[in-house]
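Colleague: no letters, just coordinates:
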């Protein structure tokens, strides 16, 4: 090959060099800490799934358009997973008889979507998925929202930086039906228009509403919902199950003190055909960035795609790594260093046997201290340069004369201080 | 959809339910601990790479045969990575001017190979990759072998359970040339036959050797290499650079005490066109399982595929999760529980406000204790059953009378002991 290969990663994907990887390991580590402490169990599934599972959930066309899909040599249509929900529904269905419900599960898989790369959206991304299966009550909705808030707070975020916007799909349907005064089918059509309210010009929105038989007063009543409190909004259809769900959720949010992170927002709808109860989105409050970072809600019985007569509801959310990282950077929540910061380079001289250095490094490592010998035979000054550039905090120096006297010198690279200690007291210095 | 979808994962892939995931997190955690303490830096790259990078390394046919590959809508030929080495070579090439050599890097990516699933080989697997770039000396070979031994020992394995079999590709070529008494091209042909010695019948082996001009005495001399010590073997071609490399590596292994895990093995060759110096394989010593689990060695200048005139040698190995797990299970090295084992379920009664339970759970979690409320409204006995099945160590009980008196009861599920404590002393009990 005379022509050299490109060093660029594939379009819409990223290389994680050690510096970026430390950041990722930190921010996934925070998530794991919070969720494991909350007794969520981690799971994972394969990167390739049958294309069918996405087609069954989202329709064949959308599934094919948004995924990387292909046919294997056995004629199986496969897709690289674009989301985790179908995989987890399949897994729950596969062991339904053995699993102890309610399940509290999470995963941080990598996945691919075939789309034009843009800010906050890449083709390869990692997505935290948190779900509770088999609990129909507000308790699961609360636990799910609590876990999202706890993760944000564990990063050092507070209520000035993010807000959880909450709505309820049953309430949404009922309040639209109440105001539109139509039957279920008519109300479904109105809902579809309301769903795209903010994506189309006002004129077009009103025109479509008029065509469905709504007058200006009805349109104004729907407009008013967007600025209402949860009490005002649910008073419009007080007997709706959705109203009751919303009120009991906000009631317990208030009593647990989580209400300072939350607000009612009629504008939160999410996929019309998918969610069935509580829906929520977590917004970045930064003015330059003000938008939903991630969200989720209650969906009923996805497991039913796999098992006849299964009735297992779920509530959960997915949080992408790209938007999360933008948020952490914007709000200066990324620490300057990760870990305890102690990292020791044992420098090397030709007049000392190599095994004397490996012995020092072994001693440090066995004491739980991050340590390496300088690999190579460069001059001392070059070894120090390497240590500084690679973020070592200390160097250990043992030339022929130190070795003879049974001592080592330790240089702190931040303070430039140097101390000499007996070799057997080395680890006590860190 | 009237027909239900399959709940099976795609052929040759695995679902990781929480139980399996805990095992994986433990065994990848051990690896990360060892390598981070040894100042190796973690990296990762995308799951999709240009098919070219595999074709350049392994040839177009092999690349296409062994990978999941397809063409994207922009006409790019892509493959799901079947190995990490081309990705890491691309990454090193991409930032060659900025990186501080020598690099000590590792990654634990998931990858796919298109092959028939069998014991120890699946289509989707995870593979630890450890590499050092930019150090030509024995120091890097030693550090790489040390890291593999340290990982095995961190799992609790000892020298009775595994052995590192070591050879050197330069030595291999030189000793074959010395015995065969042919030129470079002739010696290459002999090497190819020796490489397949154990995969073809003895008769066929001898026939091919005869055809290349070797007599029975020469064949016998090559046979003898398989049982020789490193001193005996290298004495055959004492001036070979490979002999010198082998001797200095075994010398330092002896001086550092690592020789008890290592042996010289002329049978270790690995990919003929790829490795250039030290090569090694780690064998499982269990009689029922006796075979190489993983291996690696020194390869020169893969970075040269991407950058003109680049000369960066590497030494490293890849360790697959499937064979590693088999090893750990065979040698009973998997712990029965992971973590500290404390996991608290706060049981729930209807006569106590829900926020009293969330307050208890918050207190526990804030103290770093894994805790959850029972989500749902089942009877107390069912809640205890759930706790036992899900591996909770304790349940906290607070009915109306306990709540009134400001106390909780704690039941240890292993000992069945129950104690009553004031609510504000709850966390001190764990």
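Modeller: Perfect, I can see it now. Just so we're clear, the structure is a prediction, and the values are computed from it rather than from any experiment.
Colleague: can you give me the distance of residue A:58 to chain B?
Modeller: As judged by C-beta to the nearest C-beta, to the nearest Å, residue A:58 and chain B stand 12 Å apart. For every residue, glycine as well, the C-beta is placed using N, CA and C.
Colleague: likewise for residue A:138?
Modeller: Counting by C-beta to the nearest C-beta - residue A:138 and chain B are separated by 8 Å.
Colleague: can you check residue A:425 too?
Modeller: From residue A:425 to chain B the distance is 20 Å (C-beta to the nearest C-beta).
Colleague: and that residue, how many neighbours?
Modeller: If you count neighbours by other C-beta atoms under 10 Å in any protein chain shown, residue A:425 ends up with 10.
Colleague: what's the answer for residue A:247, then?
Modeller: Residue A:247: 19 neighbours (other C-beta under 10 Å).
Colleague: residues from the stretch 151-300 of chain A in reach of chain B?
Modeller: Residues of the stretch 151-300 of chain A found near chain B (C-beta under 8 Å from any C-beta of the partner chain) are A:252, A:255-256.
Colleague: of the residues you listed, buried ones?
Modeller: A:252, A:256 (16 or more other C-beta atoms under 10 Å in any protein chain shown).
Colleague: for chain B, state which of the residues of the stretch 151-300 of chain A next to chain B is nearest.
Modeller: In terms of C-beta to the nearest C-beta, no member of those lies closer to chain B than residue A:255, at 4.0 Å.
Colleague: pLDDT score for the closest one?
Modeller: In this model, residue A:255 is scored at 97, pLDDT.
Colleague: helix, strand, or coil at the closest residue in space to it that isn't next to it in sequence?
Modeller: Using C-beta to C-beta, 6 or more residues apart in numbering or on different chains and skipping the chain neighbours, the partner closest in space to residue A:255 is residue B:355 (4.0 Å). Put simply, residue B:355 is helix when judged by DSSP: H, G, I helix; E, B strand; the rest coil.
Colleague: if I look at the residue nearest to residue A:119 when sequence neighbours are not counted, how far off is residue A:284?
Modeller: Closest residue to residue A:119 apart from its sequence neighbours, by C-beta to C-beta, 6+ apart: residue A:326 at 7.7 Å. According to C-beta to C-beta, to the nearest Å, residue A:326 and residue A:284 sit 8 Å apart.
Colleague: state the number of residues packed around the residue nearest to residue A:255.
Modeller: As a burial measure, residue B:355 scores 18 neighbours (other C-beta under 10 Å).
Colleague: go on, the one 10 residues further on?
Modeller: The burial count assigned to residue B:365 is 20, neighbours taken as other C-beta under 10 Å.
Colleague: of the residues of the stretch 151-300 of chain A next to chain B, which belong to strands?
Modeller: Among these, no member is found in strands (DSSP state E).
Colleague: so can I have CSV of the residues of the stretch 151-300 of chain A next to chain B showing distance to residue A:216?
Modeller: Below are those laid out as CSV (distance: C-beta to C-beta, whole Å):
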residue, distance to residue A:216
A:252, 38
A:255, 40
A:256, 41
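Colleague: so of the residues of the stretch 151-300 of chain A next to chain B, which ones are in helices?
Modeller: Counted as lying in helices by DSSP state H, out of those, are A:252, A:255.
Colleague: what is the nearest of the residues of the stretch 151-300 of chain A next to chain B to residue A:91?
Modeller: Nearest to residue A:91 among those is residue A:252, at 29.9 Å by C-beta to C-beta.
Colleague: circling back: wasn't the residue nearest to residue A:119 part of a helix?
Modeller: Yes: counting by three-state DSSP, residue A:326 is located in a helix.
Colleague: confidence score at it?
Modeller: Note on residue A:326: pLDDT of 91.
Colleague: that one - how many residues pack around it?
Modeller: Residue A:326: 17 neighbours (other C-beta under 10 Å).
Colleague: pretty sure residue A:383 sits against residue A:374.
Modeller: Yes: using C-beta atoms under 8 Å, residue A:383 is in contact with residue A:374, at 4.6 Å.
Colleague: residue A:126 should be in a strand, yeah?
Modeller: Yes: assessed by three-state DSSP, residue A:126 belongs to a strand.
Colleague: find the nearest non-adjacent residue to it, please.
Modeller: In space, residue A:126 is closest to residue A:321, 4.2 Å off (C-beta to C-beta, 6+ apart).
Colleague: residue A:289: how many residues sit nearby?
Modeller: Residue A:289 has 17 neighbours, counted by other C-beta under 10 Å.
Colleague: same deal with residue A:427?
Modeller: Neighbours of residue A:427 under the rule other C-beta under 10 Å: 17.
Colleague: and it, how far is that from chain B?
Modeller: Distance of residue A:427 to chain B, computed by C-beta to the nearest C-beta: 12 Å.
Colleague: alright, calling it a day.
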